[in-house]
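Novice: sequence first, then the predicted structure, then my questions.
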Amino acid sequence: MIRKIAITGPESTGKSMLAQQLADHYHTLWVPEFARDYLTSLNRPYEEDDILYIARQQLQKEKASAAMAKDRLFCDTELIVTKIWSEVKYGRCHPWILQQIERHRYDLYLLCDIDLPWEFDPLREHPGKRKFLFDRYHRELSERGFRFAVIRGNGRIRTENAIRIVENFGF
């Protein structure tokens, strides 16, 4: 059985790097964030419908990777990210995304703290809302009763903290 571990949290908290480092450590696969490639190749500003498309594609990529993963699959993002993104940008979230959050659960969520410096990226939109967004992720995971832990630290310490948490949860 594959254990699925979601890396989640606000922008610029090291999710992609952490997902890749954990996959390397455990000699398995990780699922990159579909939104990054999609939005980079989009020749127009994104729209609300794009968020739903991104969510669907992310789950498809995850399903394909799960079939090839070894023991664990690390997912760089999950549907709570698309939910919060949509709610912050448009004030609502598509019902399909909300349904899938309940149906498509992970064995563990690693919530990346905002203790890393924010780095500019043309796709990032909220450098001034990091605390607000982190608190929103924390509340969302807590209220849903999802098994999660907050990942803190810089560089190798962050990765080691994540490995320790994965091990402590028995994964």
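Specialist: Looks like it came in fine.
Novice: can you give me the strands in this protein?
Specialist: Along the chain, the segments classed as strands by DSSP state E run 3-8, 29-31, 72-76, 108-112, 148-151.
Novice: can you redo those strands as TSV with distance to residue 23, mean neighbour count and mean pLDDT?
Specialist: All C-beta atoms are positioned from the backbone trio N, CA, C, and that covers glycine. Converted to TSV, the strands of the chain look like this (distance: least, CB to CB, whole Å; neighbours: other CB atoms under 10 Å; pLDDT from 0 to 100):
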stretch	distance to residue 23	mean neighbour count	mean pLDDT
strand 3-8	10	25	98
strand 29-31	4	22	98
strand 72-76	5	26	97
strand 108-112	13	24	98
strand 148-151	15	20	98
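Novice: select, out of those strands, the one closest to residue 46.
Specialist: Among these, strand 72-76 comes nearest to residue 46, with 18.7 Å by CB to CB.
Novice: re the thing from before, who wins for proximity to residue 57 among the strands of the chain?
Specialist: With CB to CB, the closest approach to residue 57 among the strands of the chain belongs to strand 29-31: 10.8 Å.
Novice: redo the strands of the chain as TSV? Include distance to residue 96.
Specialist: Formatted as TSV, the strands of the chain follow (distance: least, CB to CB, whole Å):
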stretch	distance to residue 96
strand 3-8	18
strand 29-31	19
strand 72-76	18
strand 108-112	20
strand 148-151	23
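Novice: of those, which is nearest residue 48?
Specialist: strand 3-8 (21.1 Å).
Novice: hey, what's the angle from the closest one to strand 108-112? Just curious.
Specialist: 20 degrees (axes from the mean of the first three to the mean of the last three CA atoms, to 10 degrees).
Novice: and the longest helix along the chain, what does it pack against?
Specialist: Secondary structure of the chain per DSSP state H: the longest helix is helix 48-66. Applying 3 or more CB pairs under 8 Å, 6 or more residues apart in numbering; DSSP states H and E, we find helix 48-66 packed against strand 29-31, helix 34-41, strand 72-76, helix 79-90, helix 95-103.
Novice: report the contact partners of the closest residue to residue 142 other than its chain neighbours.
Specialist: Spatially, and ignoring its direct neighbours in sequence, residue 142 is nearest to residue 148 (8.0 Å; CB to CB, 6 or more residues apart in numbering). The neighbourhood of residue 148, defined by CB atoms under 8 Å, 6 or more residues apart in numbering, consists of 8, 108, 109, 110, 111, 141, 142.
Novice: is residue 148 bridged to anything, and to what?
Specialist: For residue 148, the beta-bridge partners are residue 109 (DSSP bridges).
Novice: now do it against residue 55, distance only.
Specialist: 20 Å (CB to CB, to the nearest Å).
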